[in-house]
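# I would like the atomic coordinates for the input below:
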Amino acid sequence: MLKRLVYGFYERQLLTEVSHRPLPQHLGLIQDGHRRYARENGLASLAEGYQLGAEKTEEVLGWCAELGIATVTLWWLSTENLCRQPDEVHDVLRVIETKMAEWIEGGLVRRLGMRVRPIGLLDLLPASALNALRAAEAATRHQGRMLLNMAVGYGGRQEIVDAIKGHLRDCFNRGEEPEEILRGLTPDAVVKYLYTYDCPDPDLIIRTSGEVRLSGFMLWQSAYSEFYFCDAYWPAFRKIDFLRAIRSYQNRHRRFGR
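Coordinates of the predicted model:
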């Protein structure tokens, strides 16, 4: 009881502190640690860890909305994750399918004013998962307070390759000569073809579970992002962990290479 009161007081103090300072407008979240959380806490299956992680995602999105963070990119499933055991991949995708329906039918997207946009190699997903993501995208097109990029079957290297392919395809369609294409192959030209082409680069990227690496998350866009690595597994990520990450971001001096 006393511990809960102390945490509540500290949480309110942190919220007041960060609310009066500049906030990230694009937040990237690497949700890591579901399987380790399930094993270390004696859960019946890894699927329970993914389910708890999805419920935590709802909480975190609420915290983002509370602070007015306009864009959030969640990394829910990587291209490498798709190579895991079929039963495990199925468990993750089933949670995503269920949550997409719950967010729409339960009113979460409406309460948060959230537009859902799936990004990644979506054609690699089974039809049921792809249909659930596309349905969420279609149902939330009119929402405008928060853009949620749902990275499913996502890899940063693949995104860059896809962007360059898109640029070259348009050059070929315009009948450009090789030298003209090479002259036009600039960062500004490529960025228009990224999955997040219409978003500002992430100001802050948070990774849970104690791993200190990006693992390919938003490789292009993160050139000048700030990073925060948290020891907590994603299902155990607390609001004070979230607010500490925001405070850490606010205490940094961003020079953008200048």
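
# okay, CA-based contacts and neighbour counts for the rest of this
Will do.

# ok, longest helix in this protein?
Longest helix in the chain, counting residues (DSSP state H): helix 46-67.

# list the buried ones in that one?
By neighbour count on 16 or more other CA atoms under 10 Å, the buried set for helix 46-67 is 46-54, 56-57, 60-61, 63-65, 67.

# tell me, how many residues neighbour A132?
The tally of other residues near A132 (other CA atoms under 10 Å) stands at 19.

# mind listing the helices for the chain?
Shown for the chain, the helices assigned by DSSP H span residues 2-19, 34-40, 46-67, 86-105, 108-112, 127-139, 156-173, 178-184, 187-191, 239-250.

# out of those helices, flag the one nearest W220.
Nearest to W220, of all the helices of the chain, is helix 156-173, at 7.1 Å by CA to CA.

# related to what we said a few turns ago, list the helices and strands the longest helix of the chain packs on?
Counting contacts by 3 or more CA pairs under 8 Å, 6 or more residues apart in numbering; DSSP states H and E, helix 46-67 packs against helix 34-40, helix 86-105, helix 239-250.

# most tightly surrounded among those helices?
Each of these was scored by mean neighbour count; the highest is helix 239-250, a mean of 19, by mean count of other CA atoms under 10 Å.

# show residues contacting that helix.
10-11, 14-15, 17-18, 21-24, 60, 63, 204, 206, 226-228, 230 (CA atoms under 8 Å, 6 or more residues apart in numbering).

# ok, stretch 213-221 next?
Contacts for stretch 213-221 (CA under 8 Å, 6+ apart): I30, W75, G155, G156, R157, I160, D201, P202, R207.

# any chance of those residues in TSV, plus pLDDT, neighbour count and distance to N173?
Formatted as TSV, the contacts of stretch 213-221 follow (pLDDT from 0 to 100; neighbours: other CA atoms under 10 Å; distance: CA to CA, whole Å):
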residue	pLDDT	neighbour count	distance to N173
I30	98	22	37
W75	96	23	33
G155	96	23	27
G156	97	21	26
R157	96	14	24
I160	98	19	20
D201	97	20	29
P202	98	23	32
R207	98	25	40
